[in-house]
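*Asks:* Sequence first, predicted coordinates after that:
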Amino acid sequence: MAALPLPPSADVVIIGGGVMGLAIAYNLARLGLTRVAVVEATYLASGASGRNGGGLRQQWSTEMNVRLMQESIAICAAFAQEMGINVWMRQGGYLFLMRTEATRAEVERNITLQNRCGVPTRLISPEDARAIVPELDVDRFTAASYNPTDAVVFPWPFLWGYAGAATKLGATIHTDAAVTAIDRHGSDFVVTTARGTITAGRVVNAAGAWSPRVARLVGLELPNWPARHEILSTEPLKPFLNPMVSVLESGLYFSQSLRGELVGGITLHEPRTDDIKLGSRLAFLRAMATAMTELMPRLGDVKVVRQWAGPYDLTSDGSPIVGEAPGLPGFFLCCGFMGHGFMMAPVVAKYYALHLLGRQTHPFFEKWRLARFATGATERESMIIG
Ligand SMILES: Cc1cc2nc3c(=O)[nH]c(=O)nc-3n(C[C@H](O)[C@H](O)[C@H](O)COP(=O)(O)OP(=O)(O)OC[C@H]3O[C@@H](n4cnc5c(N)ncnc54)[C@H](O)[C@@H]3O)c2cc1C
């Protein structure tokens with residue numbers, strides 16, 4: 001099938017066909033702005049959006065993140081019905097295990113906040129954690145926090161769902177269209193891609209870990225940076241694990257998908273670099289095998305069938321970068337989503353579209369603005385895994 005030619009112009013060009021770019025395109029089109037083009041360097045889901053763990057949680061340390069995620073989970077729960085696509089969503093909860101008293105004190109504060117927002121998280125003993133997941137060896141832990149309404153999804157169908165619905169409404173999506181230059185022509189941008197050029201009054205940089213490179217095309221330096229995160233999948237097992245299980249101090253996490261595989265990762269810190277490394281390593285397999293079998297000894301016999309890596313898109317305070325870039329009218333940012341952008345995308349994209357249309361804004365445009373790094377007006381989100 002011949003690829004759709006690029007339109008000569010659009011109202012909004014979105015750079016990046018990950019979950020952010022596609023969800024913004026869908027929300028704009030749903031609100032009536034259909035002259036929207038998404039340009040993606042390779043294929044949809046090639047970035048972090050196609051490589052992640054699919055976890056959706058409401059256990060956060062700032063009220064804005066808790067409330068955003070309550071709304072995002074509601075959008076995700078309605079997604080399959082609305083888009084006519086199975087997203088394999090399972091609301092089995094998130095069980096965070098912790099080792100130290102310091103972590104426990106911090107988590108207790110967060111739970112008070114989450115409960116005030118209506119999220120039913122509770123601090124439980126290691127024995128109570130074992131009552132939820134009997135296979136756990138909880139000897140090394142002081143406590144756990146458990147919210148039964150957190151969830152896991154299969155990420156890919158979200159991209160197909162957003163892409164299909166946006167296209168039906170009139171937006172266009174162009175793969176193999178890497179953006180190589182962005183020039184100003186009056187108040188417009190001329191976006192040059194591997195498949196031709198598009199002129200648009202507004203451009204959204206939703207290129208995830210690649211967003212600093214895209215920003216440099218307009219002479220803008222962004223403070224976010226990429227970090228490789230590895231992940232694996234086992235053979236399918238008989239269903240036994242309801243919640244996503246995670247260890248706060250090590251960044252270990254894994255869940256059982258509706259298809260039976262255990263899918264999870266662990267944080268391995270590497271020196272900071274601008275390179276986007278997506279190779280898989282034995283060092284990860286070793287760390288993951290050790291951590292998983294320590295936590296759940298019966299997993300020693302389980303076969304790993306696949307391992308891969310994806311790029312986290314990190315910022316120094318753990319929050320994203322959104323809104324119009326200072327001094328660059330019409331150039332918008334939607335990046336720096338750390339290791340939690342998948343779960344945030346449905347709700348962030350909803351408000352992003354309203355903001356672009358000038359109909360409504362959300363406090364995150366103030367809190368997550370680029371200028372906060374220069375002024376030091378940052379608020380650290382502490383529930384960052386990885
Ligand atoms: C291993 C791993 C596990 C994770 N687990 C979770 C989780 O459990 N829950 C959660 O919420 N989040 C998780 N995340 C984070 C989540 O995947 C990301 O935050 C989210 O997918 C970011 O979406 P995005 O659209 O901003 O970026 P991406 O999905 O990376 O999309 C950016 C796109 O831009 C394209 N692009 C780059 N340069 C150009 C260019 N020059 N021109 C055109 N296009 C370009 C890329 O090809 C890419 O497709 C995880 C991430 C990883 C790596």
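*Replies:* Done, it's in.

*Asks:* what does the stretch 1-150 of the chain have sitting close to the ligand?
*Replies:* The stretch 1-150 of the chain has residues 15-21, 39-42, 46-49, 51-55 near the ligand, with proximity defined as Cβ under 6 Å from any ligand atom. To be clear about C-beta, it is placed using only N, CA and C from the backbone, and glycine gets the same treatment.

*Asks:* Put the buried members of those into a PyMOL selection.
*Replies:* Buried residues within these, by 16 or more other Cβ atoms under 10 Å, are selected in PyMOL with:
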select buried, resi 15+16+17+18+19+20+21+39+40+41+46+47+48+49+51+52+53+54+55
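
*Asks:* these two touch, right, residue 161 and residue 83?
*Replies:* Yes. At 3.7 Å, residue 161 counts as touching residue 83 under the criterion of Cβ atoms under 8 Å.

*Asks:* Kindly list the longest helix within this protein.
*Replies:* Counting by DSSP state H, the longest helix found in the chain is helix 63-83.

*Asks:* Report the distance from the helix or strand following that helix to the chain centre.
*Replies:* Sequence order places strand 94-98 as the next helix or strand after helix 63-83, per DSSP states H and E. Strand 94-98 sits 19 Å away from the centroid of its parent chain (Cα atoms, centre = their mean, to the nearest Å).

*Asks:* Could you tell me how far residue 116 is located from residue 145?
*Replies:* Noted for residue 116: a distance of 15 Å to residue 145, by Cβ to Cβ, to the nearest Å.

*Asks:* Those two: which has the busier surroundings?
*Replies:* residue 145 (25 against 10; other Cβ atoms under 10 Å).

*Asks:* Listing partners with orientation, what would you give for the helix or strand hosting the more buried one?
*Replies:* Here residue 145, judged by DSSP H and E, is contained in strand 143-147. In the sheet, strand 143-147 lines up against strand 94-98 (antiparallel), strand 122-124 (antiparallel) (DSSP bridges).

*Asks:* need the residues of the stretch 201-350 of the chain near the ligand, please.
*Replies:* Near the ligand, when you scan the stretch 201-350 of the chain using Cβ under 6 Å from any ligand atom, you find 206-210, 214, 229, 231, 265, 310-312, 335, 337, 339-343.

*Asks:* Give the residue spans of this protein that score low on pLDDT.
*Replies:* 1-2 (pLDDT under 70).

*Asks:* Okay, domains of it per the record?
*Replies:* Domain assignment of the chain by automatic domain parsing yields the ranges 9-50+156-224+317-375, 92-150+225-314.

*Asks:* can you give me the end-to-end distance of the first one?
*Replies:* The reference is to domain 9-50+156-224+317-375. With Cα to Cα, to the nearest Å as the measure, domain 9-50+156-224+317-375 spans 36 Å from end to end.

*Asks:* now for the helix or strand encompassing residue 292, which elements pack on it?
*Replies:* Assigned by DSSP H and E, residue 292 falls within helix 282-295. Where contact means 3 or more Cβ pairs under 8 Å, 6 or more residues apart in numbering; DSSP states H and E, helix 282-295 is packed against strand 225-234, strand 244-247, strand 252-256, strand 262-265, strand 304-314.

*Asks:* Now render the ones you listed as TSV, adding mean neighbour count.
*Replies:* Listed next are these as TSV, based on neighbours: other Cβ atoms under 10 Å:
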stretch	mean neighbour count
strand 225-234	21
strand 244-247	25
strand 252-256	24
strand 262-265	23
strand 304-314	19
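
*Asks:* Closest residue of the stretch 101-250 of the chain to the ligand?
*Replies:* Proximity of the stretch 101-250 of the chain to the ligand (Cβ to the nearest ligand atom) peaks at residue 208, 2.6 Å away.

*Asks:* What residues does that residue make contact with?
*Replies:* 16, 18, 20, 47, 48, 49, 311, 313, 335, 337, 341 (Cβ atoms under 8 Å, 6 or more residues apart in numbering).

*Asks:* and those residues, which two are the farthest apart?
*Replies:* Taking every pair in the contacts of residue 208 and measuring Cβ to Cβ, the maximum separation is 13.4 Å, between 20 and 311.

*Asks:* coming back round to it: highest mean neighbour count out of the strands paired with strand 143-147?
*Replies:* With neighbours defined by mean count of other Cβ atoms under 10 Å, none of the strands paired with strand 143-147 is more surrounded on average than strand 94-98, at a mean of 25.

*Asks:* Could you point out the helix or strand that follows that one?
*Replies:* Per DSSP H and E, the helix or strand that comes after strand 94-98 is helix 101-116.

*Asks:* Show me which parts of stretch 174-181 are buried, residue by residue.
*Replies:* Buried, per 16+ other Cβ under 10 Å, within stretch 174-181: 174, 175, 177, 178, 179.

*Asks:* what distance separates that stretch from the centre of its chain?
*Replies:* 22 Å.

*Asks:* which residues touch stretch 172-183?
*Replies:* Contact with stretch 172-183 is made by 3-4, 6-7, 10, 15, 17, 22, 25, 36-44, 163, 166-167, 189-196, 203, 207, 214, 217-218, as judged by Cβ under 8 Å, 6+ apart.

*Asks:* can you tell me if that stretch touches the ligand.
*Replies:* Yes. Against the ligand, stretch 172-183 shows contacts by Cβ under 6 Å from any ligand atom at 178, 179.
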